[in-house]
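Colleague: can't give you the sequence, but here's the structure:
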């Protein structure tokens with residue numbers, strides 16, 4: 001199997017009194033024996049089917065918005081795996097799962113690995129306080145959650161978000177990666193670090 005599997009699940013995202021239909025990327029990283037799942041949005045059965053008979057090492061959540069963590073406990077419990085989340089996401093996580101805490105904290109500089117693939121945790125706040133990206137140097141890829149998309153930064157118009165902070169995160173933590181690094185996002189198409197570099201100054205000038 002390839003070291004990165006990808007599926008898209010559909011559902012809703014709710015925050016600040018609004019609800020929107022969304023499609024979420026789910027990334028499964030590892031080999032034919034064991035894997036990590038990056039984000040567990042809307043459909044535990046579909047994600048479990050993609051995992052198959054492999055061992056799930058952990059459910060790694062890029063951030064705490066409900067469309068990224070809704071099925072994390074169900075998936076983790078089904079496979080006996082821990083949920084990993086940055087502690088800065090506690091207020092958002094608790095909106096969806098008030099009676100269940102993540103099992104382990106993510107911190108900047110941590111590494112998580114499965115099937116010989118190592119992911120380095122980059123704390124990239126702004127979309128939310130504890131948003132994290134996961135860099136896999138050997139695969140030439142970074143999983144950015146909702147921090148960086150094709151064409152610009154993630155949304156910062158809702159609670160717990162900051163435009164200035166997300167720009168600092170992208171400039172300081174992501175655009176410093178090699179230009180050919182593939183950016184695998186929380187929603188939509190993948191891109192590359194080098195392709196996003198020209199967009200950043202435009203976003204800063206527009207201030208949104």
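Modeller: The structure has been received and is ready for your questions. Everything numeric in this text was worked out from a predicted model, so none of it was measured.

Colleague: buried stuff in the strand or helix carrying residue 198?
Modeller: Taking DSSP states H and E as the definition, residue 198 sits inside helix 193-206. Along helix 193-206, the positions that meet the burial threshold by neighbour count (16 or more other C-beta atoms under 10 Å) are 193, 196, 199, 200, 203. No exception for glycine: its C-beta is placed from N, CA and C like everyone else's.

Colleague: try stretch 145-164
Modeller: With burial defined by 16+ other C-beta under 10 Å, the residues of stretch 145-164 counted as buried are 145-149, 152-156, 160-161, 163.

Colleague: what's the most distant pair in those?
Modeller: Pairwise distances across the buried residues of stretch 145-164 (C-beta to C-beta) peak at 19.3 Å, for the pair 152 and 160.

Colleague: surely residue 66 meets residue 93?
Modeller: No - with contacts counted by C-beta atoms under 8 Å, residue 66 stays clear of residue 93, the gap being 9.1 Å.

Colleague: which of these two has more neighbours?
Modeller: More neighbours sit around residue 93 than around the other of residue 66 and residue 93, counting by other C-beta atoms under 10 Å; the figures are 26 against 20.

Colleague: and the more buried one, its phi and psi?
Modeller: phi -60, psi -40 (degrees, to the nearest 10).

Colleague: measure the residue nearest to it when sequence neighbours are not counted to residue 33 for me?
Modeller: Leaving out its chain neighbours, the residue that sits closest to residue 93 by C-beta to C-beta, 6 or more residues apart in numbering is residue 64, at 4.1 Å. The spacing between residue 64 and residue 33, counted by C-beta to C-beta, to the nearest Å, is 29 Å.

Colleague: between these two, who's got more neighbours?
Modeller: Neighbour totals were compared for residue 64 and residue 33, and residue 64 leads with 26 against 13 (other C-beta under 10 Å).

Colleague: and that one, what is it in contact with?
Modeller: By C-beta atoms under 8 Å, 6 or more residues apart in numbering, the contact list for residue 64 reads 85, 89, 90, 91, 92, 93, 95, 96, 128, 130.
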